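>>> Fold the following and give me the result.
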Amino acid sequence: MALQGPIPVESGQVFPRGAFAAGGFEPVRDYDASQNGRFVQARDKGTGLPVWVVDVIDADPAARDKSVKVKLPAADQPVLPTAAAGAVLPFVPLEFTGLAVTPYVSQAGRLAYSIKASGVRVAGADRARKRRAGGSGMSTSGGSFGTASMHAGTDWAVRCSTYPDQLPILSIDAGNFGVTITVAGRSEPGPGGAAFARELAAQAARFAAECERIHAASSGSAPDSTARDQAAGNAAA
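Here you go, the predicted model:
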């Protein structure tokens, strides 16, 4: 059989709706070696490094276990990555690298999984790096956080909520999923807020123009020029 030992997986496969740290990394006890009140930390069989564990909240509402443990071998106690400036989440959103799962049968007689990683980072950090490295549009760095994927059907809603003394909030809903977009420091926005809003409008207009083009090609009708003209105007601005 080709599969031997732990099964390599991507973080998004194990935590499709995201993972959040519920605390810091703690040492894993070696129960066989810890005797007479003496604590002995477990060591990884492959690397010989001390093993640490963090409690992780699985954000998938369909998950059987809402909290799981992820082990990480490291010479020193791992430190959780710091959430981006301006983040208001109660827990740090995480992605794990070098993730592997080992299935086993628990004492209760049900299938369970031991999860081990080789590294940890703030969720979305790698995707943001790849987006900045290529592709069209504008990107900046610093102070941003959050990641989401949405596929809109017919049950969607888009609205912009405005306030007298704060920046607006753009809300997008599709089915039972929703996302809100605003700028960090809403009451005291930085200089990048307006630039972000302009680029958001330009890319949204481009998105609309492409949807109109594909729809027209598939239906045999003439595309609506409104979105195309708006996209061209935003690109020239």
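>>> which strands and helices sit next to the longest helix belonging to the chain?
As assigned by DSSP state H, the longest helix anywhere in the chain is helix 192-219. Applying 3 or more CB pairs under 8 Å, 6 or more residues apart in numbering; DSSP states H and E, one finds that helix 192-219 makes contact with helix 225-236. C-beta: built from backbone N, CA, C; applies to glycine.
>>> average model confidence for the helix it packs on?
Across helix 225-236, the average pLDDT comes to 52.
>>> next one: stretch 111-118
Averaged across stretch 111-118, the pLDDT comes to 89.
>>> buried sites along that stretch?
Using 16 or more other CB atoms under 10 Å as the test for burial, stretch 111-118 gives 112, 113, 115, 116, 117.
>>> Look up the closest residue to the second one, ignoring the ones flanking it.
It stands for residue 113. Distances taken as CB to CB, 6 or more residues apart in numbering put residue 101 closest to residue 113, at 4.7 Å, once the chain neighbours are dropped.
>>> element containing residue 37, please.
Using DSSP states H and E, residue 37 falls within no helix or strand.
>>> Number of residues surrounding it?
Neighbour count of residue 37, defined by other CB atoms under 10 Å: 5.
>>> where's it relative to residue 79, distance?
Relative to residue 79, residue 37 is positioned 28 Å away (CB to CB, to the nearest Å).
>>> Name the residues of the longest helix of the chain that are buried.
Neighbour counts over helix 192-219 (16+ other CB under 10 Å) mark 196, 197, 199, 200, 202, 203, 204, 205, 206, 208, 209, 212 as buried.
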